[in-house]
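S.K.: Starting from these lines, generate the structure:
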Amino acid sequence: MALSWPPNCWRSFTLFYLLLISSFGGRGSVATGLARHKNAAKDERKLATSQKLAAVNLGGWLVIEQWIRPSLWEGIPDADLLDGSQVQLKSVTLNKYMSAEGGGGQQVVVNRQTASGWETFKVWRYSDGIYNFRVFNNQFITAVNGGGGDVKATGGTAKEWERFTITRNSNNNRVHIKANNGMYLQAKANKDSNNLTADYVSPSEPDWGNNSATFEMTITIASPLHGEYQLANGWGPKKAARVFKNHRDSFITAADFEYLSKLGINGVRIPVGYWIASDPNPPKPFVPGSLQALDNAFVWAEDHKMKIIIDLHAVPGSQNGQEHSASIDGVSQWATGSDDNGQSYIDLTLQVIEFLASRYSERQSLFGIELLNEPMVNDVPIDTLKSYYKKGYDVVRKYNANTYVIMCQLVGGDPADILEMGIHTDFSNAILDLHYYNVFGDTFANLTAQQNIDYINNNRHEEIERLNKDKDSHGFLTFVGEWTNEWALQGATQRDYQKFGEAQLQIYGQTTAGWAYWNYIIDEPTFNHWDFKQSYERNYLLRPSTGWIS
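M.R.: Residues are numbered from 1 along each chain as shown. I've put the predicted structure just below:
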């Protein structure tokens, strides 16, 4: 890839957009001939030009990502050990690595000459200096009875016995690891056992010499995720409360809605996290205040006759393992997982949709509720997604018959899979959300400016025509919920960017519901072409003479 791209952002986007670009040109149009009798309102399959959205995403406001506002991360203690970091631990006395035997589910031993998957642990940050260790099979290292004996990789959840205090030597990579009962982990030289135990007793901190309680910690991947979870957990509750309040009060304000309205932008797509439904007492480590910010946005939108899409961007368990879905360590468990009380993550997500629908469905500025952002084909089976979408649709309809219910494509699958739901289900005012980027993956790595433009005019145009084709049978409108005027090309001229933007506006305007640019503001100069405001003001993205939507 030719872009200068921070490692965390590249990791967050690359995998699923590689899958995304491979999905274009799928199975052909959705089956026809199954059009159903609907009333006049349901027969309306295309919004009038004045009703279509020319919108921007307010990403990084209520679901924070480092690449959008990196200054929020400056000064976090132990910033190389945020949630999701990966470490390996080597005994200084035995000169061997700690290992979760079998990848987990058994005893933790210290007997490996080299380190690989079983010897690598993901850290979860409980508080400053206190961590959980997640092993290869996603279980947790636990000090049985809180310490005093064996250490095993059998913890199903991260609770008290799974918490360990890491003390780092400021001069090298040596650490001491203390169990919940105050005893230290140690690797004893014992010919009959290689087991790791939590029974080293010391009235004070052990010395840093070659004793059995000292380990060398190698951070193999330092803080690969930089999302809202890592930010809140990294700062801790008191400091995070101040950081988040300042951010929410300043990043987006009433002045931004006034600016956008005067520019002819008639809507915003606002990513939110599941914790908004628990405000003012969100689950740890999240910080209260996002609900009030969203309430403010509705007031500002109504003041300027703008529309809002509430986009559920982050859900319990994570739908794609990415930082923007509030994944703790890159693992996605939304489709199959449950919380500590045994309630499925999907049911918890439906409760969030119910909260949002009940609170905002009668607001004049609400355009629609997006049930889920960017589910990943490797993490969410299509049948599971369809079932959730049907339930989510029904939840919204309990509160409003006309609010648009927006369903994002399964990233890596054929978008038509979602449209097929409409053939067999009595949907009305449903929208398919498509996300289009020319940045990620080998397809775009070596394209010229004209080749990128041709890709929009040919591949993307054909995709949108295909998805629009049978709208009378499947009942869905189409919408490009994320796109940007950036590419992998280096050295492009201003006119190159202008022509690229012109092509995207022309083709994405042929959807039946409009588009939303990602993103409105990016506080990082490296990504100024992702920034709608900068792109427009610097004349890299031109407003068509006929308006943003024609």
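
S.K.: can you list the weak-confidence ranges in the stretch 301-450 of the chain?
M.R.: For the stretch 301-450 of the chain, no stretch has pLDDT under 70.

S.K.: 90 - rerun?
M.R.: 421-426, 440-442 (pLDDT under 90).

S.K.: where exactly do the helices run in it?
M.R.: Along the stretch 301-450 of the chain, counting by DSSP state H, counting those that start in this stretch, helices occupy 345-360, 382-397, 416-424, 442-445, 449-455.

S.K.: Kindly compare burial across these and name the winner.
M.R.: helix 416-424 (a mean of 21; mean count of other Cβ atoms under 10 Å). From N, CA and C alone the C-beta is placed, and that goes for glycine too.

S.K.: so what does it touch, helix or strand wise?
M.R.: helix 382-397, strand 430-435, helix 461-469, helix 471-474, strand 476-482 (3 or more Cβ pairs under 8 Å, 6 or more residues apart in numbering; DSSP states H and E).

S.K.: Not counting stretch 379-390 itself, show me its contacts.
M.R.: Here stretch 379-390 makes contact (Cβ atoms under 8 Å, 6 or more residues apart in numbering) with 318-321, 332, 334-335, 346, 349-350, 371-372, 375, 407, 410, 413, 417-418, 421, 425.

S.K.: tell me the contacts of the nearest residue to residue 315 once chain neighbours are set aside?
M.R.: Once flanking residues are discounted, residue 315 sits nearest to residue 349: 4.7 Å by Cβ to Cβ, 6 or more residues apart in numbering. Residue 349 makes contact with 274, 312, 315, 316, 334, 372, 388, 392, according to Cβ under 8 Å, 6+ apart.

S.K.: OK, contacts around the last one?
M.R.: Residue 392 makes contact with 349, 350, 353, 371, 372, 405 under the criterion Cβ under 8 Å, 6+ apart.

S.K.: Narrow the contacts of stretch 379-390 to those in strands?
M.R.: residue 407 (DSSP state E).

S.K.: Would you mind writing the ChimeraX command to select the buried ones in the contacts of stretch 379-390?
M.R.: Buried residues among the contacts of stretch 379-390 (16 or more other Cβ atoms under 10 Å), as a ChimeraX selection:
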select :318,319,320,321,332,334,335,346,349,350,371,372,375,407,410,413,417,418,421,425
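
S.K.: Helices along the stretch 51-200 of the chain, start to end?
M.R.: Going by DSSP H, counting those that start in this stretch, the stretch 51-200 of the chain shows no helices.

S.K.: mind listing what residue 302 touches?
M.R.: 363, 364, 365.

S.K.: related to what we said a few turns ago, quick check: the farthest pair among the contacts of residue 392?
M.R.: With Cβ to Cβ as the measure, no two of those lie farther apart than 349 and 405, at 14.2 Å.

S.K.: and the contacts of residue 302, which are buried?
M.R.: The buried subset of the contacts of residue 302 - by 16+ other Cβ under 10 Å - is 363, 365.

S.K.: Include distance to residue 306 when you put the contacts of residue 302 into a markdown table, please.
M.R.: A markdown table is the format used below for these (distance: Cβ to Cβ, whole Å):
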| residue | distance to residue 306 |
| --- | --- |
| 363 | 12 |
| 364 | 10 |
| 365 | 6 |
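
S.K.: do you know how far the closest residue to residue 406 other than its chain neighbours is from residue 466?
M.R.: Leaving aside its sequence neighbours, residue 406 sits nearest to residue 370 (Cβ to Cβ, 6+ apart; 3.9 Å). Relative to residue 466, residue 370 is positioned 22 Å away (Cβ to Cβ, to the nearest Å).

S.K.: Repeat that for residue 435.
M.R.: For residue 435, the distance to residue 466 - Cβ to Cβ - is 16 Å.

S.K.: now do the same end-to-end measure for stretch 136-148.
M.R.: This stretch, stretch 136-148, spans 24 Å end to end (Cα to Cα, to the nearest Å).

S.K.: buried sites along that stretch?
M.R.: Those buried within stretch 136-148 under the rule 16+ other Cβ under 10 Å are 136, 139, 140, 141, 142, 143, 144, 146, 147.

S.K.: Spit out the contact partners of the third one.
M.R.: If you count contacts by Cβ under 8 Å, 6+ apart, residue 140 has them with 132, 133, 134, 153, 155, 156, 157, 158, 162.

S.K.: do the second one as well
M.R.: Residue 139 makes contacts with 100, 104, 105, 153, 154, 155, 156, as judged by Cβ under 8 Å, 6+ apart.

S.K.: let's see 7 Å
M.R.: 104, 105, 153, 154, 155, 156 (Cβ atoms under 7 Å, 6 or more residues apart in numbering).

S.K.: Where does pLDDT dip in the chain?
M.R.: For the chain, the ranges with pLDDT under 90 are 1-50, 188-193, 202-204, 421-426, 440-442, 470-475, 550.

S.K.: OK, contacts around residue 548?
M.R.: Counted by Cβ under 7 Å, 6+ apart, residue 548 has contacts 54, 264, 265, 505.

S.K.: Quick check: the nearest residue to the first one once chain neighbours are set aside vs residue 506, distance?
M.R.: By the measure of Cβ to Cβ, 6+ apart, the closest residue to residue 54 outside its immediate chain neighbours is residue 548, 3.5 Å from it. Using Cβ to Cβ, we find residue 548 at a distance of 11 Å from residue 506.

S.K.: Quickly list the domain ranges of this protein.
M.R.: Domain assignment for the chain, taken from automatic domain parsing, gives 48-73+226-409+436-537, 86-221.

S.K.: Straight-line length of the shortest one, end to end?
M.R.: Taking Cα to Cα, domain 86-221 runs 5 Å from one end to the other.

S.K.: re the thing from before, now flag whichever of the contacts of residue 349 is closest to residue 524.
M.R.: Taking these together and measuring to residue 524 by Cβ to Cβ, the closest member is residue 312, at 25.3 Å.

S.K.: The closest one: neighbouring residues, count only.
M.R.: 26 (other Cβ atoms under 10 Å).

S.K.: what separates stretch 143-161 from the chain centre, distance-wise?
M.R.: Once both centres are worked out by Cα atoms, centre = their mean, to the nearest Å, stretch 143-161 turns out to sit 30 Å from its chain's centre.

S.K.: whoops, stretch 239-252 was the one
M.R.: 20 Å.

S.K.: Could you list the buried residues of that stretch?
M.R.: Those would be 240, 243, 244, 247, 248, 251, 252, for stretch 239-252 by 16+ other Cβ under 10 Å.

S.K.: Can you tell me, leaving aside adjacent residues, what's nearest to the fifth one?
M.R.: Put plainly, it is residue 248. residue 293 (4.7 Å).

S.K.: Which strand or helix spans the one you found?
M.R.: Counting by DSSP states H and E, the element that carries residue 293 is helix 290-303.

S.K.: Just the angle for that helix relative to helix 345-360, thanks.
M.R.: Using axes from the mean of the first three to the mean of the last three Cα atoms, to 10 degrees, the inter-axis angle of helix 290-303 relative to helix 345-360 is 40 degrees.

S.K.: bridging residues for the residue nearest to residue 397 when sequence neighbours are not counted?
M.R.: Excluding the flanking residues, the one nearest residue 397 by Cβ to Cβ, 6+ apart is residue 405, at 7.6 Å. Residue 405 has the following beta-bridge partners by DSSP bridges: residue 369, residue 430.

S.K.: Check the contact between residue 405 and residue 367; I expect there is one.
M.R.: No - Residue 405 is beyond contact range of residue 367, at 10.9 Å (criterion: Cβ atoms under 7 Å).

S.K.: OK, contacts around residue 335?
M.R.: Contacts of residue 335 by Cβ under 7 Å, 6+ apart are 379, 380, 381, 384.
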